[in-house]
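Enquirer: got a predicted structure plus its sequence, pasted below:
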Amino acid sequence: MNKNRVVIGLFLAVVVAILLSAYVYRAFQQATAVRPSKTEQIVVAMTPLGLGTRLDSTNVRTISWPGDSPVPGMITSVESAQGRAVITPVAQNEMILESKLAPKEAGGGLPATIPEGMRAISVAVNEVVGVAGFVTPGTSVDVLVTGQIPGATQSGAQYVTRTILENVRVLAAGQKIEQDKDGKPASVPVVTLLVTPKDAGTLAMASTEGKIQLALRNTIDAQTPDPVPVLQASVFGSGAPPPPAQPPSRHIVAQKPVVVPLPYTVEIIVGGKREDKSFPNE
């Protein structure tokens, strides 16, 4: 009798163990099952793309991207990017976004990199003006001009140096619109700057009537302190420039008092009547 009870207990224990094992196995399968997610195609760069490069099937391709993780501005077909130029350098396998492309009608090269409402203007430079060749595409500069003060005579000519533009981006050095990968300087005859239409006129006048000098600045420094003009006398004078001439002061001249003579007085007696008469003393 006891033996039967032991057999029945072992049988029930085995059945319960089998049922628990099946339940755990099924729960584990459900937890580790990979649910297929929806994907879509996006356009990426097949090779590194330089500034102004036009896109086509030879330099871009499509890859799969999770459909539940869209990126604003992503392009989903090569045809949508065909013929458009990049306005910023793109690394290999980097996603192509709308914000990195110029309009299709903008073409390629340097014109495609000029934002709407801005202008590109070139100025002549040399080793000194171009900061020993370190003014290269992508750098930022201040523009200084030295010229004669209007109205000064030739014999007493006075010159002044002013900072006319600050934090201006360099678009191109010579005909290069990309910076050297190693940051090497390049001697070029001209540099092209990105300016507003108003600043373009100011720069054209300054380069015609004065001497241009570029001051290289840190590309992350966006401060515009607006330096004060530097006068020739403050650099080459014997000391501080003389104070401006003061208008002549008005001196009051004391006038001598005017002495008015007293009139004559004459006593007239007529009969028994007396009368005083005054006559002017001239």
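Expert: Okay, I see it.
Enquirer: which residues in the stretch 51-200 of the chain form helices?
Expert: Using DSSP state H, counting those that start in this stretch, the helices found in the stretch 51-200 of the chain span residues 78-81, 197-209.
Enquirer: flag the shaky bits of the stretch 1-150 of the chain, pLDDT-wise.
Expert: 1-7, 31-36 (pLDDT under 70).
Enquirer: mind redoing it with 80?
Expert: The model of the stretch 1-150 of the chain has pLDDT under 80 over residues 1-17, 19-25, 27-37, 104-107.
Enquirer: and whichever strand or helix holds residue 212 with helix 197-209, angle?
Expert: According to DSSP states H and E, residue 212 maps onto strand 211-217. Put simply, strand 211-217 runs at 130 degrees to helix 197-209, going by axes from the mean of the first three to the mean of the last three Cα atoms, to 10 degrees.
Enquirer: what comes into contact with strand 211-217?
Expert: Identification of contacts with strand 211-217 by Cβ atoms under 8 Å, 6 or more residues apart in numbering yields 123-125, 128-131, 134-135, 139-147, 161, 163, 167, 191, 203, 206. Using the backbone N, CA and C atoms, a C-beta is placed for each residue, glycine as well.
Enquirer: got the helices of the stretch 51-200 of the chain as a markdown table, with mean neighbour count columns?
Expert: Putting the helices of the stretch 51-200 of the chain into a markdown table (neighbours: other Cβ atoms under 10 Å) gives the following:
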| stretch | mean neighbour count |
| --- | --- |
| helix 78-81 | 16 |
| helix 197-209 | 14 |
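Enquirer: tell me which stretches of this protein form strands.
Expert: Here the chain has its strands, by DSSP state E, at 39-45, 60-66, 119-124, 140-148, 159-173, 190-195, 211-217, 230-231, 264-270, 273-279.
Enquirer: how about those, which one is nearest residue 73?
Expert: Closest approach to residue 73 among the strands of the chain is made by strand 39-45 (10.6 Å; Cβ to Cβ).
Enquirer: can you list the residues that contact the closest one?
Expert: 59-67, 71, 74-78, 80-81, 90-96.
Enquirer: can you do 7 Å?
Expert: Residues outside strand 39-45 that contact it (Cβ atoms under 7 Å, 6 or more residues apart in numbering): 59-67, 74-78, 81, 90-96.
Enquirer: now the buried members of these.
Expert: Among those, those classed as buried by neighbour count (16 or more other Cβ atoms under 10 Å) are 59, 60, 62, 65, 74, 75, 78, 81, 90, 95, 96.
Enquirer: can you put the helices of the stretch 51-200 of the chain in TSV and add distance to residue 22?
Expert: Formatted as TSV, the helices of the stretch 51-200 of the chain follow (distance: least, Cβ to Cβ, whole Å):
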stretch	distance to residue 22
helix 78-81	51
helix 197-209	79
